[in-house]
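Chemist: just to be clear, the model below is a prediction. Sequence and coordinates:
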2 protein chains.
Amino acid sequence: MKIAILGTGAGARQHAARLSSLGHQVIIGTRDPKATSARTEPDMMGTEPFAVFHAAHPELTLVTFAEAADAGELVINGIDGANAVTALAGLPASVLAGKTLIDYAVPYVHQQPGGPEHSWPTPWGEMPHLDPVDTDSLAEQIQRALPETKVVKTFVTQEQETVVNPAEFGGGDHTMFLAGDHEDAKTDARELLSSYGWNDIIDAGPLAAARGLEMYAHFHTALGIALGTRFGVKIIR
Amino acid sequence: MKIAILGTGAGARQHAARLSSLGHQVIIGTRDPKATSARTEPDMMGTEPFAVFHAAHPELTLVTFAEAADAGELVINGIDGANAVTALAGLPASVLAGKTLIDYAVPYVHQQPGGPEHSWPTPWGEMPHLDPVDTDSLAEQIQRALPETKVVKTFVTQEQETVVNPAEFGGGDHTMFLAGDHEDAKTDARELLSSYGWNDIIDAGPLAAARGLEMYAHFHTALGIALGTRFGVKIIR
């Protein structure tokens, strides 16, 4: 299958490498392919330059967002939450029309240090907040911006290393969630998750349920700090 | 142990009955004990009049908020999120000073029907939102209002029926969470949870982690609707 991944960050790379190893043709989209390939320094999150990753995965194609979206039969949005709506809305409508778009971003806004919300240090040294939150979600914003596209929210409750390899905890016996307004797109997402090794996948409902999946980020972050390790969540019935 | 429960709603009753069965002396506080006892109709949530519950549990004492808080060695706040800070801040400071106060409220604000946020029906017929959310929590508001009291947030990730009886799913093999800035108060909460039957209790960190525990409400609500049943969450490491 031709799968497009929009974005070149650490999460996008996890999906690209995993999907490639599963035999898919993976096309990675970025704003400016030449600039992405030319970078030689780690980014502010400490992620190694894309060229280093690309050298280890020469089978991956790096093109523009529009070219990648146009080529993909299934599209994964790995553009960070702060820029996703603008970047996606700026694409020619035809490249995403009718397609399943999986979105996994947490719409974190990183504050300037010293503001009133910084009482609780996190691994990134500040307490981020979410925008949108509570009465809207990034996934719903993307869906409104791309009415002809079928948006599914998933992955977002987990680190990407775990998303592509659920067996790293408890033999993979934990739960992944998805939300969306299009049943066929949710089937696409479910098949992709199954291929990653997820056995327990819960449909959390319409895309409005993405509010809960995105807001789960604070819970997951707090627990990650408290436990000092990655972890899975299993729904017990 | 003398345990005060502030509030007479369905959650407060679950705790009162369970704690009484465990041998504690339970004192229930309400704004106006006479009015609470005189009510003969179910409330808007369909909860039976308190007098019906009280007749089945005559061992429980019903007094004012201040009298209950003063009598309790440990205090559980069951006042709804919209009224908790005002009600608690209005008590004489001495009745809660130095005590552990367990707060379990979700700070839901129920909207008037017809607003822009009602695209996703919930069991209560509308999509509530949270206030505070994201950069603050109800638990932190209560702690700021009661600086001499030791606030612990817990229970909030579960229905009250499950909180007092975790064995209703998976033999009780799922996880409860707590957050707070006072270690001795977290020990009190942990002991209470153990007496309810919780074996897996995770300290999620300082009281700021209550943001994540409260915001988990949307996730839990969405899953509850999707699954059509109550459920537990187990952390897999």
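Modeler: All right, it came through fine. Numbers count the residues shown, from 1 in each chain, chains lettered A, B, ... in the order given.
Chemist: so which residues of chain A form strands?
Modeler: Assigned by DSSP state E, chain A shows strands spanning A:2-6, A:25-30, A:61-64, A:74-77, A:100-103, A:108-109, A:129-130, A:150-154, A:175-180, A:200-203, A:232-236.
Chemist: and the residue sitting nearest the centre point of chain A, what does it touch?
Modeler: In chain A, the centroid-proximal residue (Cα atoms, centre = their mean) is residue A:104; its distance is 2.9 Å. Counting by Cβ atoms under 8 Å, 6 or more residues apart in numbering or on different chains, residue A:104 touches A:11, A:76, A:77, A:78, A:153, A:154, A:155, A:156, A:160, A:163. To be clear about C-beta, it is placed using only N, CA and C from the backbone, and glycine gets the same treatment.
Chemist: looking at chain A, which helix or strand does the model trust least?
Modeler: Lowest by mean pLDDT, DSSP states H and E among the helices and strands of chain A is strand A:108-109, with a mean of 86.
Chemist: run through who's touching that strand.
Modeler: Defining contact as Cβ under 8 Å, 6+ apart, one finds that strand A:108-109 is touched by A:81, A:82, A:128, A:129, A:130, A:131, A:217.
Chemist: for those residues, which PyMOL command selects only the ones that are buried?
Modeler: Buried residues within those, by 16 or more other Cβ atoms under 10 Å in any protein chain shown, are selected in PyMOL with:
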select buried, chain A and resi 81+128+129+130+217
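Chemist: any idea how many residues pack against residue A:69?
Modeler: Residue A:69 has 25 neighbouring residues, counting by other Cβ atoms under 10 Å in any protein chain shown.
Chemist: from residue B:159, how far off is it?
Modeler: Residue A:69 sits 42 Å away from residue B:159, going by Cβ to Cβ, to the nearest Å.
Chemist: CA atoms only for the helix ranked longest in chain A, dumped as CSV, please.
Modeler: Secondary structure assigned by DSSP state H gives helix A:210-227 as the longest helix of chain A. In CSV, the C-alpha atoms belonging to helix A:210-227 read as follows (Å, rounded to 0.1, in the frame of the first residue of the first chain):
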residue,chain,number,x,y,z
ALA,A,210,-11.0,13.0,20.1
ARG,A,211,-11.4,15.7,22.8
GLY,A,212,-11.1,13.0,25.4
LEU,A,213,-8.2,11.3,23.5
GLU,A,214,-6.2,14.6,23.2
MET,A,215,-7.0,15.7,26.8
TYR,A,216,-5.7,12.4,28.0
ALA,A,217,-2.3,13.8,27.3
HIS,A,218,-2.0,15.5,30.7
PHE,A,219,-2.9,12.3,32.5
HIS,A,220,-0.4,10.3,30.4
THR,A,221,2.3,12.9,31.0
ALA,A,222,1.8,13.0,34.8
LEU,A,223,1.9,9.2,35.0
GLY,A,224,5.0,9.0,32.8
ILE,A,225,6.8,11.5,35.1
ALA,A,226,5.5,9.6,38.2
LEU,A,227,6.4,6.2,37.0
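Chemist: low-confidence ranges, chain A, go.
Modeler: A:111-127 (pLDDT under 70).
Chemist: what about the helices in it?
Modeler: Listed in chain order, the helices of chain A (DSSP H) span A:10-21, A:33-38, A:50-56, A:65-71, A:81-89, A:138-145, A:160-163, A:183-196, A:210-227.
Chemist: among those, which is nearest residue A:44?
Modeler: Across the helices of chain A, residue A:44 has its closest neighbour in helix A:10-21 (11.8 Å, Cβ to Cβ).
Chemist: any buried residues in the closest one, and which?
Modeler: In terms of neighbour count (16+ other Cβ under 10 Å), helix A:10-21 has its buried residues at A:10, A:11, A:12, A:13, A:14, A:15, A:16, A:17, A:18, A:19.
Chemist: between the two ends of stretch A:226-237, how far is it?
Modeler: End-to-end distance for stretch A:226-237: 26 Å, by Cα to Cα, to the nearest Å.
Chemist: please see if that stretch touches chain B.
Modeler: Yes. Stretch A:226-237 is in contact with chain B by Cβ under 8 Å from any Cβ of the partner chain, via A:226, A:227, A:229, A:231, A:232, A:233, A:234, A:235, A:236, A:237.
Chemist: could you do stretch A:140-149 as well?
Modeler: No. Stretch A:140-149 is not in contact with chain B by Cβ under 8 Å from any Cβ; minimum separation 8.9 Å.
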